[in-house]
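*Asks:* for reference, the sequence and a predicted model appear below.
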Amino acid sequence: MGSAGGGWVCNSFGMSDVVRFGLVGYGFGGRVFHAPLLASAENVEFVGVVTNAAERRQELATDQPGAAAFGSLAELATAGVQAVAISTPAATHAALAEEAISLGLAVVVDKPFTMEAASARAVATAAKDAGVLLSVYQNRRWDSDFRTVRRLIDDGQLGSVRRFESRFERWAPDRRPGAAGGGTLLDFGSHLVDQALLLNGPATRVYAEMRGAGELDDDVFVALHHVNGVESHLSGSWRQAAPGPRFRVTGTTGTYIVDGVDSQEAVLKSGKSPAGLGDRWGTEPEHTWGRLYRGATGAPVPSERGRWDLFYPAFAAAVRGEGPAPVDPADSLRAMTVLDAARVSARTGEAVRL
């Protein structure tokens, strides 16, 4: 018996055993972000995908000829899988996660964890009560640029951080905010808030501005005041014709700025995966490196390697009782609480204290 992710997980695995893994959903997220990484992961056997759409089943047969198609989670469980990743529209996450938990399957839920903190809490409680391992797919913790920021802070090269600016801004004026992702606040905001809390600790105050139709916002700004005094300014947009820096992190002795975005998403979209690229996976060319400033001039900073490929091997190890879940669901519950507060703040125009 081993502890991982805040729950107790029974297992009888040996050190060399693989974890049989399934996937629910084969839309853009399942096909691009999950299936290639599951198929490439060490100590993981990618068994198949739950999807009933004929088009998705054909895509699966083409993309992953060794993986089977299943009609339900129950069928997947009967096939002997031990863990499942859920990559479906955000509004279905909670119900599917609870179904998987009831079947005794270890569960990875794609972000956003759920639609609001209350349902996230219910899922986390169900997993804990059942003794089932649960994690949330916050893959952006393993972005090259974010890992570089963490290294600079840990090495003391920025001094004490005062302001943390983080953006996912893109120019897609004809894009309709996706209901599947919950709108920009939940889609981009899930990553932005998770990174800010992981780096700077808990927040005590949340202020937000949102533009868009109802819940399906297309442009958001969230400001967090952290217990340690850091101010986080987070922006997510599909309507920004001139995107700002991905990160600008200001400390008492320096500022780090990096433009552009981590390349792992683009590489997956191109059809490549860690299985084919090996040690080249996640590396960033020198012209994309950020710069560390102490005044008017800046020096380039070599980027850390992006490591999305580490998530599923780490989760498989946790299923075997050999380590913690790669993302503790308690972290994602705290992030959902912040996102709930951001929604309230944007509606009322007032800061919300946590």
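*Replies:* Structure received. All values derive from a computational prediction rather than experimental measurement.

*Asks:* restricting to C-alpha, output the biggest helix by length in the chain in PDB.
*Replies:* Identified as the longest helix of the chain according to DSSP state H is helix 329-348. The C-alpha coordinates for helix 329-348 follow below in PDB (Å, rounded to 0.1, in the frame of the first residue of the first chain):
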ATOM      1  CA  PRO A 329      -5.600  17.100  -7.000                       C
ATOM      2  CA  ALA A 330      -5.500  19.400  -4.000                       C
ATOM      3  CA  ASP A 331      -3.400  21.900  -6.100                       C
ATOM      4  CA  SER A 332      -6.100  21.900  -8.800                       C
ATOM      5  CA  LEU A 333      -8.800  22.300  -6.300                       C
ATOM      6  CA  ARG A 334      -7.100  25.500  -5.000                       C
ATOM      7  CA  ALA A 335      -6.800  26.700  -8.600                       C
ATOM      8  CA  MET A 336     -10.500  26.000  -9.200                       C
ATOM      9  CA  THR A 337     -11.300  28.100  -6.100                       C
ATOM     10  CA  VAL A 338      -9.300  31.000  -7.600                       C
ATOM     11  CA  LEU A 339     -11.000  30.600 -10.900                       C
ATOM     12  CA  ASP A 340     -14.400  30.700  -9.200                       C
ATOM     13  CA  ALA A 341     -13.400  33.900  -7.400                       C
ATOM     14  CA  ALA A 342     -12.200  35.400 -10.700                       C
ATOM     15  CA  ARG A 343     -15.600  34.800 -12.200                       C
ATOM     16  CA  VAL A 344     -17.300  36.500  -9.300                       C
ATOM     17  CA  SER A 345     -14.800  39.400  -9.400                       C
ATOM     18  CA  ALA A 346     -15.400  39.900 -13.200                       C
ATOM     19  CA  ARG A 347     -19.100  40.000 -12.600                       C
ATOM     20  CA  THR A 348     -19.100  42.400  -9.600                       C
END
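
*Asks:* in it, what counts as buried?
*Replies:* By neighbour count on 16 or more other Cβ atoms under 10 Å, the buried set for helix 329-348 is 329-343, 345-346. Quick note: C-beta positions are derived from backbone N, CA and C, even for glycine.

*Asks:* what's the answer for stretch 277-292, then?
*Replies:* For stretch 277-292, a neighbour-count test (16+ other Cβ under 10 Å) marks 281-282, 284, 288-290, 292 as buried.

*Asks:* again with stretch 159-171
*Replies:* Under 16+ other Cβ under 10 Å, the buried positions of stretch 159-171 are 161, 164-170.

*Asks:* who does Tyr137 bridge with?
*Replies:* With DSSP bridges as the criterion, Tyr137 is bridged to Asp110.

*Asks:* now do the same for it: its pLDDT.
*Replies:* Looking at Tyr137, its pLDDT is 98.

*Asks:* would you agree it is in contact with Phe113?
*Replies:* No. Using Cβ atoms under 8 Å, Tyr137 is not in contact with Phe113; the gap is 9.0 Å.

*Asks:* more crowded one of the two?
*Replies:* For the pair Tyr137 and Phe113, the greater number of neighbours falls to Phe113 (33 against 26), based on other Cβ atoms under 10 Å.

*Asks:* list phi and psi for that one.
*Replies:* Backbone torsions of Phe113, given as degrees, to the nearest 10, read phi -50, psi -60.
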